[in-house]
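Q: Mind folding the following:
(3 chains)
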Amino acid sequence: MPEHPEVRQITNMINNNFSTVKFNAFQQKQISDKQQSLQINGEYYIHADQRGKQLKLNISFEPVQKLQQSNYFGTFTTQQTKNDFSIIIGFGLLGYFSIDSTPNLNALLSFQNKNMHLNLVSKNPQTVYYYLGDYNLARGPDPIFQQEDFKVLVLKTNFKDKNISDILMNQRYFNGVGNYLRSEIIHRANIHPFKAISYLDPEFINLVISILEEAFSFTSNAVLFNNWLKCYGKASNCIKDKNNRSIWTFRPIREKQTIQSSSNDIKDIQKFLTMMSIK
DNA sequence: TATCCATGATTAG
DNA sequence: TAATCCTGGATAA
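A: Predicted coordinates:
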C-alpha cells in the first residue's frame, strides 16, 4: 500500500476524522528488541503530517486550535506547545491504519478512547518502523508539498549514469516513490528501465508529480486504482533489480545491460533553475 | 507440504 | 551486493 499517494490518503483520513477527537489511552506491541518504547500519558489529540513516505503524528495535549499553513501549498501543520511531541512512522511494505471498535491484538501502535481504536497494523510488521522525533532529513523533500525544493534538488543532481530504475527508488531524491510508482513512471515516460541518466529534465519531473497526483486521486477506490495501473504487475516482462525487487516493463529485457543516456538538454535545465531563481 | 512473494529499508562485509 | 527483519497469502509440487 504505502507509497506517497497512500500515505497522503492516510494523512487526510486521520485529519478529517480525528482533528477534534480526544484520545485517552495508548498501547504498543513490542515486536523486536530495537523497537523504541513509547508512552502517552493523559488525554491527547492527534494531527498527521507527511513528508514522502514518512508520516508524522503530532501528539498534543491541548485541542488543536491554530492550524498554521505551511510554506508549501496544501499542507497544514499544528503549532506545538511545550509538552507536545511527534512520532514518525514508516509503513513498510503493507502497513496501514485501521479503525476498530474492539481491541486488535495485531496493532503495533494503538491510539484509543472508549469509542474506538486507531490502530497501526501490517501483514509485514518487520518492515514497519516508528520513532520519536522528526522526519529523516537524509530522505528527500516531499515531491508534492515541498515541490520547489524537490524540483531543484532533482534537476541539479548529476546521477552519474545510474539507471533510471535505481534513481527512482533512491529516497534521498524521490522520497515517496516505491516499486509500483517506479514501474508506472518509467512506463509512462516511455523509456527503458535501464536507461542511464546523468541529468533529468523538467518534463520528466513534471510527469513524476502528475503521476503522484493521479495515483492519489484513485487511492480510495481499489477497482479504479487497479484499472489505473498500466504496468506494475501487468507488463509482459519482469526482472529483479539489485535489491531483488521486481521491475515490470513491456520493453524487451536484454542482459543486465545499461542503455546509453541520451544527450541532455542542459539549456532547458538552466532555464528552469533561473526561473526558480536558483543559480 | 514447500516455496515464493509482497506498494520497504537497514546493516554487515 | 547479500543478508536481514520474519507475517501470511498465493502458488508450485
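Q: Next, the contact list for the closest residue to DNA strand C within the stretch 51-200 of chain A, please.
A: The minimum distance from the stretch 51-200 of chain A to DNA strand C, using C-beta to the nearest atom of the strand, falls at A:Gln126 (3.3 Å). From N, CA and C alone the C-beta is placed, and that goes for glycine too. A:Gln126 makes contacts with A:Ile31, A:Ser32, A:Gly92, as judged by C-beta atoms under 8 Å, 6 or more residues apart in numbering.
Q: From A:Phe194, how far out is the second one?
A: If I follow you right, that is A:Ser32. Plainly put, A:Ser32 is 36 Å away from A:Phe194 if you go by C-beta to C-beta, to the nearest Å.
Q: between the two, who's got more neighbours?
A: A:Phe194 (22 against 8; other C-beta atoms under 10 Å).
Q: For the nearest residue to that one once chain neighbours are set aside, grab the count of nearby residues.
A: Of all residues not flanking A:Phe194 in the chain, A:Asn163 sits nearest, at 4.6 Å (C-beta to C-beta, 6 or more residues apart in numbering). As a burial measure, A:Asn163 scores 23 neighbours (other C-beta under 10 Å).
Q: swap in the one 10 residues further on?
A: Burial of A:Tyr173 is recorded as 19 neighbouring residues (other C-beta under 10 Å).
Q: Can you name the helix or strand that it falls in?
A: Using DSSP states H and E, no element contains A:Tyr173; it sits outside every helix and strand.
Q: Backbone dihedrals for the residue in chain A that DNA strand B sits nearest to, please?
A: Closest residue of chain A to DNA strand B, C-beta to the nearest atom of the strand: A:Gly178 (2.1 Å). When read as degrees, to the nearest 10, the backbone of A:Gly178 gives phi -130, psi -160.
Q: OK, contacts around it?
A: Residues in contact with A:Gly178 (C-beta under 8 Å, 6+ apart) are A:Pro2, A:Glu3, A:His4, A:Lys53, A:Met169.
Q: can you pick the most crowded of these?
A: Per-residue neighbour counts (other C-beta under 10 Å) across the contacts of A:Gly178 peak at A:His4, which has 27 neighbours.
Q: mind checking which helix or strand A:Ser110 is in?
A: Per DSSP H and E: strand A:109-112 holds A:Ser110.
Q: quick one: that strand to chain centroid distance?
A: In terms of C-alpha atoms, centre = their mean, to the nearest Å, the gap separating the centre of strand A:109-112 from the centre of its chain is 22 Å.
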